[in-house]
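J.: Kindly generate the corresponding structure for this input.
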Amino acid sequence: MLTFQKITVASLLFASSLFAFAAAAPAERSLKTGDATYYNPGLGACGKSNTGADQVVAVSQQLFDTYPGHTSNPNANPICGRRVKVNYGGKSVVVTVEDRCPACAFNDLDLSPSAFQALAPLAAGRLRGMTWDFV
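T.: Numbering: from 1, shown residues only. This next block holds a predicted model:
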């Protein structure tokens, strides 16, 4: 009986530590709401060249520059290459972070034209209330 209690206590401690880790770790894993615009990509802050046909995104400069693990070298920022799922009007597109957007508010995204068009026509110009999250 005593052995069973020890296992139970150990199991509970392990389970509670997993719960605490899961609750604390994914702060970035929450749906964000902002505006989406589009831009013509070129050489981005992550050090790669892209075109309007690529499924890429520029995140706000505030997010880019405060992302955990960022350094003074933007090409080495750990947000570079992260995948983001963007949702708007019942549609979604998955894009890769390749740049930063100085004019964007914290949760706004600047999409490549092809990514924007997966959600709405370019003529829309701005998609207010789009949501996104890292994948």
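J.: Now Asp133: closest residue in space, sequence neighbours ignored.
T.: Using CB to CB, 6 or more residues apart in numbering and skipping residues adjacent in sequence, the residue nearest Asp133 is Leu31, 5.3 Å away. Using the backbone N, CA and C atoms, a C-beta is placed for each residue, glycine as well.
J.: burial count for that neighbour?
T.: 10 (other CB atoms under 10 Å).
J.: pretty sure it contacts Phe134?
T.: No - if you go by CB atoms under 8 Å, Leu31 and Phe134 don't touch, sitting 10.4 Å apart.
J.: How is this structure divided into domains?
T.: 1-26, 31-134 (automatic domain parsing).
J.: and among those, the most buried is which?
T.: Greatest average neighbour count among the domains of the chain goes to domain 31-134 (a mean of 17), per mean count of other CB atoms under 10 Å.
J.: what distance separates the start and the end of that one?
T.: The first and last residues of domain 31-134 sit 9 Å apart, counting by CA to CA, to the nearest Å.
J.: and if you look at stretch 68-87?
T.: 24 Å.
J.: Touching it from outside, list them.
T.: Stretch 68-87 is contacted by residues 36, 45-47, 57, 59, 63-64, 67, 92-98, 100, 109, 111, 115, 119, 130-135 when judged by CB atoms under 8 Å, 6 or more residues apart in numbering.
J.: Run through the residues that contact Phe116.
T.: Contacts of Phe116 by CB under 8 Å, 6+ apart are 36-38, 122, 127.
J.: What is the end-to-end distance of stretch 93-107?
T.: Where stretch 93-107 begins and where it ends lie 16 Å apart, using CA to CA.
J.: Each with direction, which strands does the longest strand along the chain pair with?
T.: Ranked by residue count and defined by DSSP state E, the top strand of the chain is strand 91-101. Paired strands of strand 91-101, with direction, are strand 56-60 (parallel), strand 83-88 (antiparallel) (DSSP bridges).
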